[in-house]
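J.: Structural data only, the sequence is not supplied:
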């Protein structure tokens with residue numbers, strides 16, 4: 001079917017069934033949300049299922065935008081598990097699937113689902129790993145586009161109209177999780193009458209991490225000049241474990257005035273904590289994209305990636321990135337990391353003071 005026929009078909013079905021295929025990671029799910037929001041606006045009667053893996057499904061769990069969350073658990077993969085997943089997906093009889101991932105994993109899910117119409121976005125760098133064989137790729141108007149804009153190209157193809165400067169990420173945080181976070185903070189002896197500054201020193205790639213000693217020096221400067229709650233966040237997810245980063249940074253502090261929440265929050269609780277935060281300092285990673293979507297004042301430290309494609313999208317985030325000859329290399333294991341070494345403590349602290357004032 002061509003574009004007009006697809007739109008006509010979706011309008012003719014009383015409750016068209018969409019399958020959103022964006023299984024992982026945190027940032028990837030955030031990038032896809034605005035497109036799904038616009039599709040729901042265009043097709044308000046649509047039944048939307050989203051398949052996500054167990055690491056980040058909680059971002060959209062119990063979200064009113066999603067009618068059915070299907071969790072794909074990587075830890076259970078076997079021929080039997082894949083067979084069961086195929087049965088679950090085929091039983092839905094989807095009218096349309098949209099692959100927002102563009103890799104073999106998502107293409108495999110598209111094949112299992114067998115929707116009548118199969119579309120896909122160009123994702124970060126176009127469809128790869130033969131994923132283009134399973135879905136029709138919808139390319140953005142501009143080749144140099146942010147991943148969010150690439151996903152929105154599919155929404156535009158389906159007849160959606162939107163303001164790129166006023167996007168809705170539709171992240172829902174209930175009072176239940178805010179209350180849980182407040183209890184956790186009380187146990188950590190946080191003063192809830194003071195401002196909250198969150199710091200995330202981790203990230204999926206080692207090459208995307210600013211140096212630990214610089215994080216420690218920045219935290220010391222904050223503590224010496226402001227009476228606030230500085231909190232470390234992080235977990236064990238990502239391409240490289242964040243375990244141990246918190247202890248390393250804390251051991252370098254002069255002030256020793258910090259609340260360590262590393263590994264103590266669920267994704268839902270982290271999202272709730274962001275609604276209470278006054279400022280967020282972090283490397284480019286999933287939490288940064290959640291904070292940007294929630295419009296938390298943020299300072300984002302970027303290194304080997306292309307900010308125009310995968311960096312924080314608009315919002316209240318200031319991006320710090322140094323251009324070097326090899327950037328953007330997207331080298332996950334680079335040990336040279338000149339792009340990160342060039343970012344100074346004074347520069348980051350200056351931006352923090354600007355935002356706090």
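T.: Thanks, I have the structure now. In this text, all values refer to a predicted model and were calculated from it rather than measured experimentally.

J.: What segments of this structure are helices?
T.: Applying DSSP state H to the chain gives helices spanning 3-12, 26-42, 79-92, 104-113, 147-157, 175-187, 212-225, 245-252, 267-274, 286-293, 307-310, 338-341, 345-356.

J.: Tell me which of those helices sits nearest to residue 58.
T.: Judged by C-beta to C-beta, the one of the helices of the chain that comes nearest to residue 58 is helix 267-274, at 4.0 Å. From N, CA and C alone the C-beta is placed, and that goes for glycine too.

J.: and the angle for the closest one with helix 286-293?
T.: In terms of direction (axes from the mean of the first three to the mean of the last three C-alpha atoms, to 10 degrees), helix 267-274 departs from helix 286-293 by 50 degrees.

J.: which strands and helices sit next to helix 267-274?
T.: The contact analysis (3 or more C-beta pairs under 8 Å, 6 or more residues apart in numbering; DSSP states H and E) places helix 267-274 against helix 175-187, strand 196-200, helix 286-293.

J.: Just send the ones you listed back as JSON lines, with distance to residue 122 and mean pLDDT too.
T.: Formatted as JSON lines, these follow (distance: least, C-beta to C-beta, whole Å; pLDDT from 0 to 100):
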{"stretch": "helix 175-187", "distance to residue 122": "34", "mean pLDDT": "97"}
{"stretch": "strand 196-200", "distance to residue 122": "29", "mean pLDDT": "97"}
{"stretch": "helix 286-293", "distance to residue 122": "19", "mean pLDDT": "95"}
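
J.: can you list contacts of the top strand by length along the chain?
T.: Ranked by residue count under DSSP state E, the longest strand found in the chain is strand 47-53. Contacts made with strand 47-53 from outside it, assessed by C-beta atoms under 8 Å, 6 or more residues apart in numbering, are listed as 15-24, 29, 36, 39-40, 59-60, 65-74, 89, 92, 94, 109.

J.: That one pairs with which strands, parallel or anti?
T.: Applying DSSP bridges, strand 47-53 is found paired with strand 17-21 (parallel), strand 68-72 (parallel).

J.: ok, back up a step: which of the helices and strands packed on helix 267-274 is buried the deepest?
T.: Between the helices and strands packed on helix 267-274, helix 286-293 has the highest mean count of neighbours, a mean of 27, where neighbours are mean count of other C-beta atoms under 10 Å.

J.: Please find the angle between the direction vectors of that one and strand 196-200.
T.: On the basis of the same axes, to 10 degrees, helix 286-293 is oriented at 140 degrees to strand 196-200.

J.: and the closest residue to residue 39 other than its chain neighbours, how many neighbours?
T.: Nearest residue to residue 39 in three dimensions, chain neighbours excluded: residue 155, at 5.4 Å (C-beta to C-beta, 6 or more residues apart in numbering). Other residues near residue 155 number 23, with proximity taken as other C-beta atoms under 10 Å.

J.: quick one: residue 155 and residue 162 touch, right?
T.: Yes - contact status for residue 155 versus residue 162: in contact at 7.0 Å, counting by C-beta atoms under 8 Å.

J.: what touches both of those two?
T.: Common neighbours of residue 155 and residue 162 are listed as 34, 38 (criterion: C-beta under 8 Å, 6+ apart).

J.: what mean pLDDT does stretch 67-86 have?
T.: Along stretch 67-86, the predicted confidence averages to a pLDDT of 94.

J.: List the buried residues in that stretch.
T.: Taking 16 or more other C-beta atoms under 10 Å as the basis for neighbour counts, the residues of stretch 67-86 that come out buried are 69-72, 85.

J.: hang on, the earlier thing: got the strands paired with strand 47-53 as CSV, with distance to residue 289 columns?
T.: Rendered in CSV, the data for the strands paired with strand 47-53 read as follows (distance: least, C-beta to C-beta, whole Å):
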stretch, distance to residue 289
strand 17-21, 17
strand 68-72, 19
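
J.: Out of those, the one nearest residue 259 is which?
T.: Between residue 259 and those, the shortest separation by C-beta to C-beta is 31.2 Å, and it involves strand 68-72.

J.: just the buried residues of stretch 67-86 now: which is nearest residue 6?
T.: residue 70 (22.9 Å).
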